[in-house]
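Engineer: Output the structure for:
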Amino acid sequence: MLNNSQSFLDSDSENYHKGEIQDIIKLHLRNGDKPNRLINEKSPYLLQHAFNPVDWFPWSESALENAQSKNKLIFLSIGYSTCYWCHVMEREVFENEKIASLMNEYFINIKVDREEHPEIDRIYMKALTGISGSGGWPMSMFLTPDLKPFYGATYIPPTSWQGNLGFPELIKEIHNQWLLVPEKFYDSGKKVFDFIKGNIYQKTGELSLDETVLTNAFNKIEDNFDRVHKGFGNAPKFPRPMLFNFLFRYYRRFGEEKSKFMALDTLKEIANGGIRDHIGGGFHRYATDVNWRIPHFEKMLYDQAQLSNSYLDAFQITHEDFYSSIAIDILNFTISEMTSSEGGFYSAIDAESAVDFSNSNLKKEGAYYLWGKSEIDKNLTKEESDIFCYIYGIKEHGNINNSTSIHADFNDENIVYQLHSIEETLNHFDLSKKRVKDLVTSCKSKLLLKRREHPYPHVDDKILTSWNGLMISAFANAYKIIRDERYLIAAERSADFILNKLFDQKNNILFRRYRDGEAKFEGVLEDYAFFICGLIDLYESTFSYKWIKFAIELTAIQINLFYDDINHGFFDTSRDNETILIKTKEWVDNAEPSGNSVAILNLLRLAQMTDNRKWEEIAGKSLTYFSKIINQYPDAMVCMLGAIDFSITKPKQIIVAGSLQDPLTLEILELINHYYIPNKIVLLVDNSDKKNNESFFPYAIDYNKKDNKTTVYICEDYRCNLPISDKNEIEEILSK
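Structural biologist: Numbering: from 1, shown residues only. The predicted structure follows:
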């Protein structure tokens, strides 16, 4: 069972970013500590628990067979390696020998990395929200031996508190009741299962999907808008980049200025707030306060990807350098801190880190990102420190209101957020704009070097196909708009990595996770959908037939594996699996878009590109399947609203007849990408490559250059305006 233990002593993971997991495991093994069976896993989250005294199983047929053969209840713990409260529960509960002994006696204990198994996480999160009204991680679920949940919670403390049972008291009570009246557990499990099933398999009817749905969604979103601090709802506040995408689309369709400014103002506010890492780049997960200043410090790849696209959209709409500069900041951070040597993108960076190198076990939320004023004064000149502290609100005794933080243990420490603008600063200090900007650049450079002397947070270095797909889209779109070759290289390296390491060409299987040389777990819907989206965006950035070819091939596989031929829409998992309680069909767009939302929009785009009417029909039937839910909860399905926006529009088909070797072609493509036109597809027809044109875009082969000059055809529903070669004429049409 523990046959992989020695490998940790003999070698290091080639792709590990900072080495924390391997270092901890080596230390345990050299101390003679005995690992549990999680030592054989690759998931950083599972490896973090490999030396718990709990007899953990990974999710497997073996674990489930044990529960049934021994007639034991299952304790299912779901989390991820950069989850702060998962760390807390591990330290307080799962490392406690006495509690672990009870767990081992009473339960089959299963640990799941939600990022490896979103299909499992999704089922039990629906159960948890049904049981308690809310959800989150760590997810602590109690199941009957046949996998049905009867009780659940998130973090459970080690001792009873405010009338709530602590973990040992709770599991004793559950165990005693199980021995006395097991039928009650089965009855409760069946009720929760019926709730999940009803939530998943409700037939939604066939309601009309038109502009009214978009308007209803906008009205709900507007009602939830924070006009003072920007963003939506109360604390904790999440950036919600899919909302920005919808608001920009809504502005483009209806010319609604309020829609545009809700998005733009929020993007400015979060860029100035503490949720953005002003020193090292990138965005933290969310803010714990209403004014975006105090973050929960973890950094997720999917946030970097989606926010990059939001700022790129904002730049296309406004042409203000502020927005492109934030996108560049995120993308450069991702290249620097979240990219493997092989080209894949890492999943996340932890919120907590060691306070110092002398004690790696003493960790603190935000330790890597917080500053004492004395430390800033010590590392900057007097002029630099005065400027920096004024702009970023640094105070002698800290600038954090502990009452609004995740936990009140920030003492005389500062979060870097922009309190004053550059204009306010140059007036306050009577300096030139250039001087202030130069000083700020110098300050950030010095402080970044100083920060790198501190213990680095844990990096979850597993590479997920779905999240890489989102990041590929961001880099591909950035290349189109900013024309920085580094971004194209980053997108293509990740796409090649997935095709080479995570796609089994012989069996046509896309895998979900790669880590430490191992590709594992058959991909779920979001892996196919997000990666296909990335490939389509890569095609429209490079016009390489390689990318559209793979997008088309994977779409055919995706339809075969996930499409519901009877009711329509896509299941989240493919084959029937006895270890899965029920197959879900997700429709909510949460921190990430749902697989259905992206899959449907992909089909609509590809149908326009290839004139594949069958795929357009599948997309239309799938939207109809979800129509009742969309009409009821449009603001919960903002990404799918993008697919509706596309489907009820006659998208622009922009066909460029020319060669990438021709400077005029490149100028025209740059002009096309200058404008925010969400409902469009762009094809490049190079008349010298007739074979590929006929294979992928057969309807476009008759669109040729006129007078031997690059020529643009702007079409709707395959009916085109007169061919144009004049850039001014093209710009006039696009600007409208």
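
Engineer: Surely I275 touches H284?
Structural biologist: Yes. With contacts defined as Cβ atoms under 8 Å, I275 counts as touching H284 at a distance of 5.1 Å. C-beta: built from backbone N, CA, C; applies to glycine.

Engineer: who's more crowded, the two?
Structural biologist: Each of I275 and H284 has its neighbours counted (other Cβ atoms under 10 Å); I275 has more, 29 against 25.

Engineer: what residues are up against S594?
Structural biologist: E526, E586, W587, V588, M637, C639, M640 (Cβ atoms under 8 Å, 6 or more residues apart in numbering).

Engineer: Now rank those by neighbours and give me the top one.
Structural biologist: Busiest of those [other Cβ under 10 Å] is M640, holding 30 neighbours.

Engineer: Please report how far Y302 lies from E592.
Structural biologist: Look at Y302 and E592: by Cβ to Cβ, to the nearest Å, they are 5 Å apart.

Engineer: which neighbours do these two share?
Structural biologist: W467, L470.

Engineer: Secondary structure element for the spatially most central residue of the chain, which one?
Structural biologist: The centroid of the chain falls nearest to Y302 when counting by Cα atoms, centre = their mean (2.2 Å). Taking DSSP states H and E as the definition, one finds Y302 inside helix 301-318.

Engineer: Then V656?
Structural biologist: strand 652-657.

Engineer: Run through the neighbouring helices and strands of that strand.
Structural biologist: helix 663-672, strand 680-685, strand 711-716 (3 or more Cβ pairs under 8 Å, 6 or more residues apart in numbering; DSSP states H and E).

Engineer: Now do the contacts for the residue lying closest to I630 once chain neighbours are set aside.
Structural biologist: Sequence neighbours aside, M637 is the residue nearest to I630 in space, at 5.5 Å (criterion: Cβ to Cβ, 6 or more residues apart in numbering). M637 makes contact with A217, W587, V588, D589, S594, S597, F626, I629, I630, according to Cβ under 8 Å, 6+ apart.

Engineer: What of S259?
Structural biologist: Contacts of S259 (Cβ under 8 Å, 6+ apart): F218, L247, F248, Y250, Y251.

Engineer: Give the helix, strand or coil label for it.
Structural biologist: helix (DSSP: H, G, I helix; E, B strand; the rest coil).

Engineer: now it: how far from D313?
Structural biologist: 12 Å.

Engineer: For these two, list the residues in contact with both.
Structural biologist: Residues touching both S259 and D313 (Cβ under 8 Å, 6+ apart): F248.

Engineer: got any residues that touch both of I275 and H284?
Structural biologist: P295.

Engineer: Could you check stretch 479-496 and say which residues are buried?
Structural biologist: Y479, K480, I481, I482, Y487, L488, A490, A491, E492, R493, S494, A495 (16 or more other Cβ atoms under 10 Å).

Engineer: pLDDT averaged over it - what is it?
Structural biologist: Regarding stretch 479-496, the rounded mean pLDDT is 97.

Engineer: can you check stretch 628-645 too?
Structural biologist: On average, stretch 628-645 scores 94.

Engineer: In this structure R285 contacts P295, no?
Structural biologist: Yes. With contact defined as Cβ under 8 Å, R285 counts as touching P295 (7.1 Å).

Engineer: Between those two, which is the more surrounded one?
Structural biologist: Using other Cβ under 10 Å, the more surrounded residue of R285 and P295 is P295, with 29 against 21.
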